[in-house]
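In: Got a predicted structure here, sequence first:
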Amino acid sequence: MGNASLDKNSRPTTTITLVGPKGERNLTAIIDTGFDGFLSVPSDELQKVGLPGRLTVTGSAVLADNRSIPVRLCLTTTRLDREEQAGMCIIAPPSGDAFVGMTFLLAFHRKLIVDVTNDVVELVRSEYMTQSKGTA
Amino acid sequence: MRDRSHPAKRGKAKTRGAHKRRKSVNEVAAAGERLYRRLAPKYSQESGKYLAIDVDTKKAYLAATPQDALKLAENADPKGSFHLVKIGSDGLYRVASYGQRLTR
């Protein structure tokens, strides 16, 4: 809950720790519900922790106008609070923003509650709902 | 056999062959998409799962997550170039932007 806030443009953000072979780095990442991936981080931030390494891994990203563009990817380990999860990261151009997507929320079992009116964002642990059986 | 090539060119072919040129992102992605179009019918029942396609060996590795597919592929070919696809989807990811943050 304390690990999320709205930035000056009213976008929900959270602080994550990127864990790489050359160290760790805290990043503020925008929580992007229109992105179905795990993570997107600018290449200059990835380089500071020794990523992406030597492998060439690619994928394609489908944009809002349905264009498909090739993207380079790397496997990353990310920490949120004290929990670590591994996932694929889009290597974005340098000097941009970092983003976490819906797969990130799923991997860390978090639900996002945004109340822009009251400047409140909550990124809280989500438990699986047990389906209540309706009575006839 | 005696090397009859120009002195300046002698031994260059061997050097070129010894160092495999690193493919660009566009080359790996284009080759991966071509291979996937060929492989897609074989994996039509695996919609929602992920393939890591080794564009050098042309082998594909299936898993429930992209990171697991990549690990399988990397274990088989630690120096490979891999393209990830989500089976049955237009792309690996959807991004609700016009690409400014992914291309520059």
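Out: Good, I have the coordinates.

In: Does anything pack onto the strand of greatest length in chain A? Which helices or strands?
Out: Ordering each strand of chain A by length in residues (DSSP state E) puts strand A:68-80 first. Secondary-structure packing of strand A:68-80 (3 or more Cβ pairs under 8 Å, 6 or more residues apart in numbering or on different chains; DSSP states H and E): strand A:12-20, strand A:39-42, strand A:56-62, strand A:83-92, helix B:25-39, helix B:66-76. To be clear about C-beta, it is placed using only N, CA and C from the backbone, and glycine gets the same treatment.

In: Roughly how far does the residue nearest to residue B:59 when sequence neighbours are not counted sit from residue B:69?
Out: Nearest residue to residue B:59, sequence neighbours excluded (Cβ to Cβ, 6 or more residues apart in numbering or on different chains): residue B:76, at 6.9 Å. Noted for residue B:76: a distance of 11 Å to residue B:69, by Cβ to Cβ, to the nearest Å.

In: joint contacts of the two?
Out: Counting by Cβ atoms under 8 Å, 6 or more residues apart in numbering or on different chains, the common neighbours of residue B:76 and residue B:69 are residue B:61.

In: So these two - more neighbours on which side?
Out: Set side by side, residue B:76 and residue B:69 show more neighbours around residue B:69, with 24 against 13, by other Cβ atoms under 10 Å in any protein chain shown.

In: what does chain A put close to chain B?
Out: Neighbours of chain B within chain A, by Cβ under 8 Å from any Cβ of the partner chain: A:32, A:34-37, A:40, A:54-73, A:75, A:86-88, A:90, A:92-93, A:96-97, A:99, A:101.

In: Buried subset of those residues as a PyMOL selection?
Out: Selection of buried members from the residues of chain A next to chain B for PyMOL, criterion 16 or more other Cβ atoms under 10 Å in any protein chain shown:
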select buried, chain A and resi 32+35+36+37+40+55+56+57+58+59+60+61+62+63+70+71+72+73+75+86+87+88+90+92+96+97+99+101
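
In: Low-confidence stretches in chain B?
Out: The model of chain B has pLDDT under 70 over residues B:1-20, B:104.

In: Residue of it nearest chain A, please.
Out: Closest approach of chain B to chain A (Cβ to the nearest Cβ) occurs at residue B:96, with a separation of 2.5 Å.

In: Poorly predicted segments of chain A, please.
Out: Within chain A, the ranges that satisfy pLDDT under 70 run A:1-2, A:131-136.

In: Which residue is it, in it, that comes closest to chain B?
Out: Nearest to chain B, among the residues of chain A, is residue A:34, at 2.5 Å (Cβ to the nearest Cβ).
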